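Peer 1: Have a look at this prediction, sequence included:
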Amino acid sequence: MTDSTDPQDTGNDTGSDAGSRPSWWRRLSSGLKRTSASIGGAIADLVTKRKLDHAVIEELEEALIRADLGIETAVAIAGKVGEGRYDKQVSADEVKAILAEEVEKILVPVAKPLVIDAARKPFVVLVVGVNGSGKTTTIGKLAARLTAEGRKVVLAAGDTFRAAAIEQLKIWGTRTGSPVIAGAQGGDAASLAFEALEAARTRAADVLIVDTAGRLQNKTALMGELEKIVRVMRKVDATAPHAVLLVLDATVGQNALSQVEVFSKIAGVTGLVMTKLDGTARGGILVAVAAKFGLPVHFIGVGEGVDDLSPFAAKDFARAVAGIDG
Ligand SMILES: Nc1nc2c(ncn2[C@@H]2O[C@H](COP(=O)(O)OP(=O)(O)OP(=O)(O)O)[C@@H](O)[C@H]2O)c(=O)[nH]1
């Protein structure tokens, strides 16, 4: 775990296209190594041995589907590779370049920074997602980034269901110098959120980040809890929350699609963060999510360290997925 944010990486560009910086690129490409190795390996195997034919295109499709890019996207990209190249020998680099280009086209419209509106004080960010998706860690990393940008951040331990979640948030609070408003385990998350918003106002905080529980097993209860949190916060600020971030764990693959569907319905998600892209060969799921929902992707998590929350940059991500260097 690193204790300081990379100065290279913490300008006033929260979520902006900050991708060309070398340190950022290194973290991204090494984080996505498992995904790119799986896709790149398949591409090399396919095209170095034979000329392009139907069978090669089909196998390429399968490799892309295995990396969770989604069937439609996989078929479209493999089709693009085939265009005008049948019966020709193509290089792995050529295929990777086409892959990167096509993936970038899908990602460009969703690569949007998280804009903190300074007119909202505090700007309230509600963070939702299933347990274990990386919510608390993401909140910590985000607090570090915002604090490094000179913003005053307050954290609310709204996941009152698990004592460990409250403790974990407190640790991030200490690490980032952000006050944490927390209650007892099992307490009412909505009243905690209310208190936190009042406290954040009193402290003249710029941003309040609210953690929530994510027990999808009981959708009705979860919906009730999230709705109550929003209703109660609106008593303090009728415009809150100003952003609702859904944290998705890339390692769950296709399951991420149903999580986006459910949370969009119950929580009015305004943007996504995809975590654990470093721990999976299925990083293509981000492309499938982008193609299906078109929701803004603000950040990606490529490790557990404080620096491992990267603003989402379409071109860099596409090149990293395709395994293109630099
Ligand atoms: N490798 C890797 N691990 C991550 C990333 N983000 C979070 N994690 C790890 O994933 C685990 C779960 O993260 P949490 O932040 O506790 O997830 P949560 O959604 O808050 O889970 P609950 O506290 O159970 O609600 C932790 O061990 C984190 O360190 C990431 O981008 N990469």
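Peer 2: All right, it came through fine. Numbers count the residues shown, from 1 in each chain.
Peer 1: Run a quick neighbour tally on the closest residue to the ligand within the chain.
Peer 2: The ligand sits closest to G301 of the chain, with a gap of 2.6 Å, by C-beta to the nearest ligand atom. For glycine as for every other residue, the C-beta is placed from the backbone atoms N, C-alpha and C. Per other C-beta atoms under 10 Å, the neighbour tally for G301 reads 26.
Peer 1: Repeat that for G132.
Peer 2: By other C-beta under 10 Å, neighbour count at G132 equals 14.
Peer 1: need the contact list for it.
Peer 2: D249 (C-beta atoms under 8 Å, 6 or more residues apart in numbering).
Peer 1: Okay, the residue sitting furthest away from the middle of the chain and V269: tell me how far apart.
Peer 2: Distance from the C-alpha centroid of the chain, by C-alpha atoms, centre = their mean, peaks at D87 (39.9 Å). D87 sits 46 Å away from V269, going by C-beta to C-beta, to the nearest Å.
Peer 1: Give me the helix or strand of the protein that scores worst on average pLDDT.
Peer 2: For the chain, counting by mean pLDDT, DSSP states H and E, helix 22-31 ranks last in confidence among helices and strands (a mean of 75).
Peer 1: The nearest residue to the residue farthest from the centre of the chain once chain neighbours are set aside in helix, strand or coil?
Peer 2: Leaving aside its sequence neighbours, D87 sits nearest to K51 (C-beta to C-beta, 6 or more residues apart in numbering; 5.4 Å). What DSSP: H, G, I helix; E, B strand; the rest coil gives for K51 is coil.
Peer 1: wouldn't K51 be in contact with K88 here?
Peer 2: Yes. If you go by C-beta atoms under 8 Å, K51 and K88 touch, sitting 6.1 Å apart.
Peer 1: dump the residue contacts of the closest residue to D325 other than its chain neighbours.
Peer 2: The shortest distance from D325 to any non-neighbouring residue, by C-beta to C-beta, 6+ apart, is to S29 (7.5 Å). Contact analysis of S29 by C-beta under 8 Å, 6+ apart lists S36, R319, A320, D325.
Peer 1: so the third one sits in a strand?
Peer 2: What it means is A320. No. Under three-state DSSP, A320 sits outside any strand and is assigned helix.
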